[in-house]
Each structure stands twice: as C-alpha cells, then as structure tokens.
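In: task: produce atomic coordinates for the following.
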Amino acid sequence: MAGRAIRRALLSVSDKSGIAELGGALAARDIELVSTGGTARALREAGLEVRDVSKLTGFPEMMDGRVKTLHPKIHGGLLALRDNDAHRAAMEEHAIGAIDLVIVNLYPFEQTVAKGAQRSEIIENIDIGGPSMVRSAAKNHAFVTILTDPADYDAFIAELDAHAGETSEAFRIRMAGKAYARTAAYDAAIANWFAYGDAFTHPLGAEALGATPFTETMPLAFTRSDILRYGENPHQSAAIYLPQAPGAKGVAQAEQLQGKALSYNNLNDADAALELAAEFAGGEPAVVIVKHANPCGVAQGGSLLEAWESALQCDSVSAFGGIVAVNTELDGSTAEAIADIFTEVVIAPRVSEAARAVFARKKNLRLLECGALPDPRRGGFAMKTIAGGLLIQSRDDGHVEKSDLQIVSARAPTEQELADCLFAWTVARHVKSNAIVYAKDGATAGIGAGQMNRRDSARIAAIKAREAAQAHGWDEPRTIGSAVASDAFFPFADGLIAAAEAGASAVIQPGGSIRDDEVIAAANEAGLAMVFTGMRHFRH
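Out: Now for the predicted structure:
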C-alpha cells in the first residue's frame, strides 16, 4: 500500500509535551491544524493558525466539554475509505473533509486516581471522545496516521522527511497497534478502579456493588520496561514489564548504579532477596544472601558488617555467585567484605559513596539502589501461569507476632528461644517448600529448601550447619540450642525428631496436623519447647 500524504491534522492532547513544536513542524508543511480547547490555546500561543473543532463540525463544545468531537464530521473524516466510491460520495454529500492525522493522548485518569482525587473528579477524567478518535483513526490506518505518545513525535517527523511528506504503511500499522494498546490499558485502568477502588469505597457499600477481589473479567495492563538478554535459560526469550497502576516499588524500579545488564535470573533472585530484607525494615542491620531464589544466609547484627559475616557463615558455598540485599545504607566496610567473594547483584535502600568506590573495582557486579523497601504486609495479587489458564491469589502477607503464638509443649520457650523462633519463621516464609530453617542469636544456622518431604529438609539444613562448623573451626554447629521453623505442619514426628537430633531446642510451626498429638509428644520427650502459629507459608 502506498504512502499517505497528510493535509489535515486533528490535535487534542492532555499531555502537551512537545505539541507546540510538533504543530510548528506540521504548519511548516502546510498541514491544516484542527484542535480543541486547551490544545488549540497552546498552539495559538506558539503563533500557529488553528481551526477550532466547533468550526469544523458546526456545533459548539457543550456540557463542560463532554461533547465536542463526537460528531459525524469528525468520525466520518477519520473512518471513510478514501478508495471507496460510496464513502467518497457520502463525504461530498455531507461536506465531510478527510482527516489524515490524529494526535491524541487521553485525560489523565490513572494520575487522577493515584493522587487520591474525589470520585467526581475521577469520573470526569474518564475520556470518551479521545479514545473514540484514537480507535477510529487506528482502525482506518490504511489512510490515517494516529499518534498517542509524545515519545513518537520525533519518529513521525523523521518519517515525513524520509517519505516526502507521507507516512509509510509500516509506520501507520505500528502506530495503530500502539494506539489500541493504549486504549486497552486505559480501559483496564478504569475497569480496575471500578472493581477494586470504587466498589469497596462507594457509599452504597461493597455488597450492593458486588465487590470481590476476583472479578469476572480481570483486565491486566503492563508496560514493557526492558527486553532482557534471555530468560531463565539461554534458549528462552524474556522481558520485564511494569504495572500500569502505581504500586509498591522494588527491584523493577531500582536504579542500577553499575555493572552488566540485569538478567531474568538476576531480577528474580534480587526480588527474593529484597522481599526478605524488607521484613527487617527499621530493625537492626540485616543481610540476606540468596541463591536460585532461596535464602542461603540471613542475619541481623549490631552493624551491617557483623550481619554480613554471620549470614555468610551459614552457607558460604552457596553464597558464591549469589545475590545480596540489605535493609539499610550499605557502608564501605561491608562492601569490602562482600567484594571478597564473587557476587552477582547487591541491592540496598541507599549506597554510600565509600561502598560505590569499593564496587567500582568490580566492573561486572550489578549494584542497585532501591530507595524505600517494599512493604512486606502490602496487599495485591500473586499470579502464576498454568497450561490453559492463570492462577491468581492474594499475596502471602500473613504475619505473626509473639502474642499470636500458642505454646503447645510441656516446656515453655525462653525469651531467647522465642526471639529465635520468630526470626526463623520470618526467614522460612521466604524459602521454597518444604522449608526448614534453623536460627540462633539472630542468624540462620541451616536452611533446607524445596524438598519433597519435611524430614529431608530438616536433615539437609542440619548437614549444612555441620559443614559450616567444620569450615569455620567451630566446636559445634549453630543448630545446637537453635530454634527451628517449619513452613507447614509436621505430618509425622520424624521431621521434628530430625531437628531434635540436630540440636534444636525450640520449634515453631503452624500446627493443624491430624498427628499433632504425636508430634507434641515427641517434642516433650526430646525436651523441646514448641509453639504453633496457626498460619502456613507454603511457597512453590
């Protein structure tokens, strides 16, 4: 299909970035400018001649601007097939002039919701005429060019320069696809506000409006942030997308200060590390080391350096090539210690100048500064694709406090054992099931992840603790006198017995097994203190 010349352009934008410059470029090519309201004013203020839409349609803007472009002389000029005799005859009969270019971006609905505006203001920022023009122009891309993003203005001018004032079919198709993606995302934002905002806050009440977190249709809209080198494996392709609606900030929004481009696995592991580090926000300095999305060492200490040393001691073998996240500003001395081993990614809320200087010597190390830590108790959804469908659940934002614990053993835990239990429990909820975590004095002693039975996870974690003791020359592994956390109940006593054999003195688990009495009896026989949380934390 041949290129299409542009003789008339319709401009109606909310975001006026670059619109005066674009209008000037169009006017310089003798393209007639037709515009509305504030856009027309901006163009006139730039010294450009503009025809008001009301002059084109013969109808004034009315109803506070709600009705201005919804008119046959607009949509007829956009939708007419220029090579169709009947369409041309209709245009001539009704004095409809062709519109060759539409430049529209929509009312700032998403921004209006994000700033917490009143319902009436939100409703007024649902654009009707804009999406209608966008869809009409995009449908008729064989003849009409549509621009919905100021970022495309320069490419459009370059297109005109390259094709003697015309646009190519390829360019129009690309812009049409982008236009429909924009209206789809816009409609998704509106639908989501009605479903998850208005339905739960409207005076009529959630029940009357049928409010539910799982709507009959769930519109999802994400914007591509970057194309990655490859996915989980080199034969897989991958990209990272950001949610359209503002929400929690994390790895996806972090600033990369140095290093190679982040890979799919880097991002996945860094997210796992940061989410766990966020559990310790506002507390003592904490360090999390992650490998293959599982923690392999976690600790708190009087300083970040102390926390790093304790976390690394848990499993220094797995830490090689790992991801490190911290809960506070990364200082120079801790950076020096981290730099002593091969590390893929380091992420911190803030990175001191001294730490930056240290890592500058490690050119390939990816250093990220994330700002505020994500809220581990935030709501939202977790999603997983399955063959033929999508599983959606609420985020695991469950949390237990000391007051939530039920002591079920004959011996009550000491205050130190309770502290170790809660620390181990916090880590365990971030470990792939079946998860067993031993912890002592604010540091993990051994982590067993992803096993098909709980007994094996307990044994593997104990083996790692013994290996750590041998590597560091300790008299005994840190599992001696530790607390052990299990992400789900012990279905049999064997897993608990394995923990007792490793030297644990206290146990924290959800409870709820039909064999709880058997497990409690085993704990009492071994002299263990045991508490139930009443909450499970499977992670698959």
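In: okay but Lys291 is in contact with Asp269, surely?
Out: Yes - the pair Lys291 / Asp269 is scored as a contact, 7.3 Å apart, by CB atoms under 8 Å. Glycine gets a C-beta too; all of them are placed from N, C-alpha and C.
In: which neighbours do the two have in common?
Out: Shared contacts of Lys291 and Asp269 (CB atoms under 8 Å, 6 or more residues apart in numbering): Gly322, Ile323.
In: wait, a helix at Val287?
Out: No - counting by DSSP: H, G, I helix; E, B strand; the rest coil, Val287 is not part of a helix but strand.
In: show residues contacting stretch 166-182.
Out: 1-6, 106, 134-135, 137-139, 141-142, 144-149, 152, 155-156, 159-160.
In: hmm, 7 Å instead?
Out: For stretch 166-182, contacts defined as CB atoms under 7 Å, 6 or more residues apart in numbering pick out 1, 3-5, 134, 138, 141, 145-149, 152, 159-160.
In: pLDDT averaged over that stretch - what is it?
Out: For stretch 166-182, the mean pLDDT works out to 95.
In: equivalent analysis for stretch 324-340, please.
Out: Here stretch 324-340 scores 98 as its mean pLDDT.
In: remind me which residues of the stretch 101-250 of the chain are low pLDDT?
Out: Applying pLDDT under 70 to the stretch 101-250 of the chain flags the ranges 246.
In: Ser310 sits in which helix or strand?
Out: helix 304-314 (DSSP states H and E).
In: now do the helix or strand that that helix is followed by: which elements does it pack against?
Out: Moving toward the C-terminus from helix 304-314, the next helix or strand (DSSP H and E) is helix 316-319. Helix 316-319 is packed against strand 286-291, strand 294-300, with contacts defined by 3 or more CB pairs under 7 Å, 6 or more residues apart in numbering; DSSP states H and E.
In: most neighbours per residue, which of these?
Out: Greatest average neighbour count among the helices and strands packed on helix 316-319 goes to strand 286-291 (a mean of 28), per mean count of other CB atoms under 10 Å.
In: which other helices and strands contact that strand?
Out: Contact partners of strand 286-291 among helices and strands, from 3+ CB pairs under 7 Å, 6+ apart: helix 264-277, strand 294-300, helix 304-314, helix 316-319, strand 322-326.
In: go again using 6 Å as the cut-off
Out: helix 264-277, strand 294-300, helix 304-314, strand 322-326 (3 or more CB pairs under 6 Å, 6 or more residues apart in numbering; DSSP states H and E).
In: pull the residues that contact the first one.
Out: With contact meaning CB atoms under 6 Å, 6 or more residues apart in numbering, helix 264-277 is reached by 228, 231-232, 238, 250-251, 288, 290, 293, 295, 323, 325, 327, 344-345, 347, 430.
In: I'd like to know which of these are buried.
Out: The neighbour-count test (16 or more other CB atoms under 10 Å) marks 228, 238, 250-251, 288, 290, 293, 295, 323, 325, 327, 344-345, 347, 430 as buried among the contacts of helix 264-277.
In: and those, which is closest to Asp315?
Out: Pro295 (9.2 Å; CB to CB).
In: ok, the closest one - contacts?
Out: Leu276, Val288, Val427, His430.
In: tell me the spacing between it and Asp149.
Out: The spacing between Pro295 and Asp149, counted by CB to CB, to the nearest Å, is 41 Å.
In: report all helices and strands that the helix or strand containing Asp154 contacts.
Out: Using DSSP H and E, Asp154 falls within helix 153-162. With contacts defined as 3+ CB pairs under 6 Å, 6+ apart, helix 153-162 has no helix or strand neighbours.
In: run the chain-centre distance for it.
Out: 34 Å (CA atoms, centre = their mean, to the nearest Å).
In: C-alpha coordinates for it, CSV please?
Out: The C-alpha coordinates for helix 153-162 follow below in CSV (Å, rounded to 0.1, in the frame of the first residue of the first chain):
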residue,chain,number,x,y,z
TYR,A,153,6.7,12.8,17.6
ASP,A,154,10.3,12.8,16.5
ALA,A,155,10.0,9.5,14.8
PHE,A,156,6.9,10.8,13.0
ILE,A,157,8.7,13.9,11.7
ALA,A,158,11.6,11.7,10.6
GLU,A,159,9.0,9.5,8.8
LEU,A,160,7.7,12.5,6.9
ASP,A,161,11.2,13.6,6.0
ALA,A,162,12.1,10.2,4.7
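In: off-centre distance for whatever helix or strand comes next after it?
Out: Counting by DSSP H and E, the next helix or strand C-terminal to helix 153-162 is strand 166-167. Centre-to-centre, strand 166-167 and its host chain are 38 Å apart (CA atoms, centre = their mean).
In: which among the contacts of stretch 166-182 end up buried?
Out: Taking 16+ other CB under 10 Å as the criterion, what is buried in the contacts of stretch 166-182 is Gly3, Arg4, Val134, Ala138, His141, Thr145, Ile146, Leu147, Thr148, Asp152, Glu159, Leu160.
In: and the nearest residue in space to Phe381 that is not next to it in sequence, what are its bridge partners?
Out: Once flanking residues are discounted, Phe381 sits nearest to Ile392: 5.4 Å by CB to CB, 6 or more residues apart in numbering. Under DSSP bridges, the beta-bridge partners of Ile392 are Met383.
In: ok, which stretches of the stretch 101-250 of the chain are strands?
Out: Chain-ordered strands for the stretch 101-250 of the chain, with DSSP state E, counting those that start in this stretch as the definition, fall at 101-105, 145-147, 166-167, 222-228, 238-243.
In: could you dump the ones you listed into JSON lines with distance to Leu418 added?
Out: Shown next, in JSON lines, are these (distance: least, CB to CB, whole Å):
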{"stretch": "strand 101-105", "distance to Leu418": "56"}
{"stretch": "strand 145-147", "distance to Leu418": "62"}
{"stretch": "strand 166-167", "distance to Leu418": "70"}
{"stretch": "strand 222-228", "distance to Leu418": "42"}
{"stretch": "strand 238-243", "distance to Leu418": "38"}
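In: for Lys55, which of the ones you listed is the nearest?
Out: strand 101-105 (17.5 Å).
In: alpha carbons of stretch 458-471, as PDB, please.
Out: C-alpha atoms of stretch 458-471 as PDB (Å, rounded to 0.1, in the frame of the first residue of the first chain):
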ATOM      1  CA  ALA A 458      15.400 -30.800  58.300                       C
ATOM      2  CA  ARG A 459      18.300 -33.200  57.600                       C
ATOM      3  CA  ILE A 460      19.800 -31.200  54.700                       C
ATOM      4  CA  ALA A 461      19.700 -28.000  56.800                       C
ATOM      5  CA  ALA A 462      21.500 -29.800  59.600                       C
ATOM      6  CA  ILE A 463      24.100 -31.100  57.200                       C
ATOM      7  CA  LYS A 464      24.800 -27.600  56.000                       C
ATOM      8  CA  ALA A 465      25.100 -26.400  59.600                       C
ATOM      9  CA  ARG A 466      27.700 -29.200  60.300                       C
ATOM     10  CA  GLU A 467      29.600 -28.300  57.200                       C
ATOM     11  CA  ALA A 468      29.700 -24.600  58.300                       C
ATOM     12  CA  ALA A 469      31.100 -25.600  61.700                       C
ATOM     13  CA  GLN A 470      33.800 -27.600  60.000                       C
ATOM     14  CA  ALA A 471      34.700 -24.800  57.600                       C
END
